[in-house]
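Asker: only geometry, no sequence info:
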Ligand code: SF4
C-alpha cells in the first residue's frame, strides 16, 4: 500500500530503443543495446525495496512505445506489476508509428487496450518531414497511420512542430487535414479533431538543432485555421522571441526559479543502466548513477541531495541569473513561454558547467567520470535504425548533440 508521506517515483527502462531519430527529440540520440527482461524486472523489484520513496510504476519504454517484438506479452506482464494499463489509463496518447503501419494486429490490440487517441507529428511535408524524422516517405506513413487509426476507432491528433524549413509547408499540412475530411471523420468517433502547432523543443536533439527554430517574421506562414485550433487547445498560446522573453524576465522583479512542484517524477534507465530524472533529456549532467556499479539507494540519495549538475542548476539558478548569463537580448528565435526559454538557457548552463567539470577532472588526473556517448556509439545505433527505416540521410547527431 502506498505511504502518502513518501515521495513517489516511477521507473522507465529503454528496453527497445526507438526507430526514429527526430531532430527535435528532447531525449537526444541516446545509444541503445538489448536489455534482459529478467534483469529489468528484478532491478525494478530492488527499487521497490527503497525505504524513503514509493516506487509506483514500471514502463518498458521511454521512447517509442510497444517496440518489443512480443509487445502484447511484455505489456501484459507490466500491467500485472502496475495494476493498470499505464499508457491507456493515463492517456499518454502515443503509439508506435513504425508498428502502426507494419503490424496489422497492432491498432486492433491498442484499441482493445483502451487507447483512445494517438498523436502524429509533422515538421513539414516531403523531404523536410523525412529529414526531421530520420526516415523516408513520412508523409505517406502518416497518411496510412491516420487511416488505420480511424478504421480502428482511435482518434488521430496532429501535432506540428514549428521550424524554419517547414514553415512554408504549414498551409499544405492544414490543407491535407481538410482534404482528408479529418474533422468530419473524427466527429464520427464522437470527438473533435485536434490539430495544433507547437514551438520547437529545447533540449536533446532540439538543442543541437536550435538553428532550425522558427524565427520572427515566419509566423505569417501559420494558417489562420491552424492558429485558431491551437488557441482552442492552449488558451492564450503565444509565440515570443528570445529577446522579448529576455526583457520580460530581466526587467521583472521575481527572479523566480520555475516551480517543479507538480512534476511527476520518473527515473529513466538507459540500456547501459545509467539513471536520469525526467526533467530534461538523459545527458551526463543529469546522470544520477549507474545500476551496474551502484545500488538504488545511492542513486536515490544523489537525487534527494540534488547531486548532479542539472539538479543544481534547476534548484538554484534563478530565471534572471540564467537570462543574464545566456539570454540573447536581440534573439529572434520563437519560444512559447518563459518556462520554455528558461529551460533553453538552463541547457546552456548545464553544458558549460559539465565541460568545465570535465576539464577540471582531466587537469587533476581523475578521468573516471561518466563520458557523454561517443560518435561511434551514435553511429552504431544509426546503422541499426537505417535497417528498420530505410533512411540513408545524414545522422542528425552527426556533429554532436551537446
Ligand atoms: S521524439 Fe522521435 S526520436 Fe524521440 S523518442 Fe519520440 S519518436 Fe523517438
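Answerer: Nice, I can see it. A quick note: this is a predicted structure, and the numbers were derived from the prediction, not measured. Residues are numbered from 1 along each chain as shown.
Asker: And residue 108, how close does it get to residue 99?
Answerer: Noted for residue 108: a distance of 12 Å to residue 99, by C-beta to C-beta, to the nearest Å. Backbone N, C-alpha and C define where each C-beta goes, glycine included.
Asker: who are the neighbours of the strand or helix carrying residue 176, in terms of helices and strands?
Answerer: Applying DSSP states H and E as the criterion places residue 176 in helix 170-179. Counting contacts by 3 or more C-beta pairs under 8 Å, 6 or more residues apart in numbering; DSSP states H and E, helix 170-179 packs against strand 155-161, strand 194-198, helix 224-233.
Asker: Look at residue 108 and residue 99 and report which has more neighbours.
Answerer: residue 99 (22 against 14; other C-beta atoms under 10 Å).
Asker: doesn't residue 66 make contact with that one?
Answerer: Yes - Residue 99 is in contact with residue 66 according to C-beta atoms under 8 Å; the separation is 5.9 Å.
Asker: what residues are shared contacts of the two?
Answerer: residue 106 (C-beta atoms under 8 Å, 6 or more residues apart in numbering).
Asker: Following the chain past the helix holding residue 176, name the next helix or strand.
Answerer: Next along from helix 170-179, by DSSP H and E: helix 182-187.
Asker: Distance from the chain centre to that following helix, please.
Answerer: Centroid separation between helix 182-187 and its chain, computed with C-alpha atoms, centre = their mean, to the nearest Å, is 28 Å.
Asker: helices and strands around it, which ones?
Answerer: Against helix 182-187 (3+ C-beta pairs under 8 Å, 6+ apart) you get helix 138-151, strand 155-161.
Asker: If you average pLDDT per helix and strand, which one of this structure comes out bottom?
Answerer: Within the chain, no helix or strand scores below helix 375-389, which has a mean of 53 by mean pLDDT, DSSP states H and E.
Asker: coming back round to it: residues of the helix holding residue 176 that come out buried?
Answerer: Within helix 170-179, the residues that count as buried by 16 or more other C-beta atoms under 10 Å are 170, 173, 174, 176, 177.
Asker: Count the neighbours of the residue lying closest to the second one once chain neighbours are set aside for me.
Answerer: Sequence neighbours aside, residue 122 is the residue nearest to residue 173 in space, at 5.2 Å (criterion: C-beta to C-beta, 6 or more residues apart in numbering). Around residue 122 there are 25 other residues, counting by other C-beta under 10 Å.
Asker: for residue 122, what are its contacts?
Answerer: Counting by C-beta under 8 Å, 6+ apart, residue 122 has contacts 129, 142, 158, 159, 160, 161, 166, 173.
Asker: So it versus residue 352, what's the distance?
Answerer: Taking C-beta to C-beta, one finds residue 122 at 33 Å from residue 352.
Asker: same thing with residue 323?
Answerer: 15 Å.
Asker: between the two, who's got more neighbours?
Answerer: Neighbours were counted for residue 323 and for residue 352 using other C-beta under 10 Å; residue 323 has more, 25 against 15.
Asker: Which stretches in this structure count as strands?
Answerer: With DSSP state E as the criterion, the chain has strands at 8-13, 54-59, 117-122, 155-161, 194-198, 240-241, 266-269, 274-277, 289-290, 334-335.
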